[in-house]
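In: Following is a predicted model, sequence given first.
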Amino acid sequence: DQQVKQNSPSLSVQEGRISILNCDYTNSMFDYFLWYKKYPAEGPTFLISISSIKDKNEDGRFTVFLNKSAKHLSLHIVPSQPGDSAVYFCAASYSNDYKLSFGAGTTVTVRA
Amino acid sequence: NAGVTQTPKFQVLKTGQSMTLQCAQDMNHNSMYWYRQDPGMGLRLIYYSASEGTTDKGEVPNGYNVSRLNKREFSLRLESAAPSQTSVYFCASSDILGIVSYEQYFGPGTRLTVT
């Protein structure tokens, strides 16, 4: 049973607008969360992460929000650019265990 | 600095054939991982190696074996390939930094088709 779920397989957004990607998790022991970006025919690359002691982490155009009570996190991309078109994976882990559990991914398409 | 490299990039096997996927990293990382990616399933962990000399099963280990040859290299072997093993395989590595980062670095993947 998948412990990390990305319920939206795809998202289409106009260039310059905000992209919001959502992720839910079921394991309350998870305390570290990451987002990865993947282009076709390439491996995933790390984008941004957040520890459970925070509720927000920002890095340039990318912001991750964590709502522990709802077991929900989201990735905001502002403004969206054509180069952001990719598959985004949410991943989670917990202390003393370095394995990552991944969601199924959300394909983002940024329209010009 | 090549990061994580994987060979081959593509492979077609017949059912019952065997093969080994190779992975190497030059970042002096302690931990290495093998994942498979299937449509709608995300990345699922097959096996991992926390450090040189140790290996453990992940979420989907059946039909696979691994060898941590040294700190740099971690191979994945399919002894008798089955069509259900058609997938894209990714190798990754990481270095545990306490709770600061669990970031894993991925290779470019091997696309395997079993007919």
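Out: Right, received. Where do you want to start?

In: rest of the way, CA atoms for contacts and neighbours
Out: Fine.

In: isn't there a strand covering residue A:83?
Out: No - according to DSSP: H, G, I helix; E, B strand; the rest coil, residue A:83 belongs to no strand; its state is helix.

In: Just give the number of residues close to it.
Out: 10 (other Cα atoms under 10 Å in any protein chain shown).

In: which residues touch it?
Out: residue A:110 (Cα atoms under 8 Å, 6 or more residues apart in numbering or on different chains).

In: what sits against residue 45?
Out: The chain I'm using is chain A. Shown in contact with residue A:45 (Cα under 8 Å, 6+ apart): A:36, A:37, A:38, B:105, B:106.

In: try again with chain B
Out: Counting by Cα under 8 Å, 6+ apart, residue B:45 has contacts A:101, B:33, B:34, B:35, B:36, B:58, B:59, B:60, B:61.

In: Can you turn the buried part of those residues into a PyMOL selection?
Out: Typed into PyMOL, the line below selects the buried ones among those, using 16 or more other Cα atoms under 10 Å in any protein chain shown:
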select buried, (chain A and resi 101) or (chain B and resi 33+34+35+36+58+61)
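
In: just the strands in the chain please.
Out: Reading this off chain A. Along chain A, counting by DSSP state E, strands occupy A:4-5, A:10-14, A:19-25, A:32-38, A:45-51, A:56-59, A:62-67, A:72-77, A:86-94, A:97-102, A:106-111.

In: oops, chain B please
Out: Using DSSP E, strands in chain B cover B:4-7, B:10-13, B:19-25, B:31-38, B:42-49, B:56-57, B:64-68, B:74-78, B:87-94, B:105-106, B:110-114.

In: how about a markdown table for those, with mean pLDDT added?
Out: Shown next, in a markdown table, are the strands of chain B (pLDDT from 0 to 100):
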| stretch | mean pLDDT |
| --- | --- |
| strand B:4-7 | 97 |
| strand B:10-13 | 97 |
| strand B:19-25 | 98 |
| strand B:31-38 | 94 |
| strand B:42-49 | 94 |
| strand B:56-57 | 94 |
| strand B:64-68 | 97 |
| strand B:74-78 | 98 |
| strand B:87-94 | 96 |
| strand B:105-106 | 94 |
| strand B:110-114 | 97 |
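
In: Most tightly packed of these?
Out: Per residue and on average, the most neighbours among the strands of chain B fall to strand B:87-94, with a mean of 25 (mean count of other Cα atoms under 10 Å in any protein chain shown).

In: Up against chain A, what does chain B have?
Out: Neighbours of chain A within chain B, by Cα under 8 Å from any Cα of the partner chain: B:39-45, B:90, B:96, B:99, B:102-109.

In: gap between the residue most central in space within chain B and residue B:79?
Out: Note on chain B: the residue nearest the mean C-alpha position is residue B:34, at 2.4 Å, using Cα atoms, centre = their mean. According to Cα to Cα, to the nearest Å, residue B:34 and residue B:79 sit 16 Å apart.

In: Mind checking the strands of chain A for the one nearest to residue B:9?
Out: strand A:32-38 (16.5 Å; Cα to Cα).

In: Which elements pack onto the closest one?
Out: strand A:45-51, strand A:86-94 (3 or more Cα pairs under 8 Å, 6 or more residues apart in numbering or on different chains; DSSP states H and E).

In: is the longest one anywhere near chain B?
Out: Yes - contact check for strand A:86-94 against chain B, using Cα under 8 Å from any Cα: residues in range are A:89, A:93.

In: Return the distance of that strand from the chain's centre.
Out: Distance, stretch centre to chain centre, for strand A:86-94: 5 Å (Cα atoms, centre = their mean, to the nearest Å).
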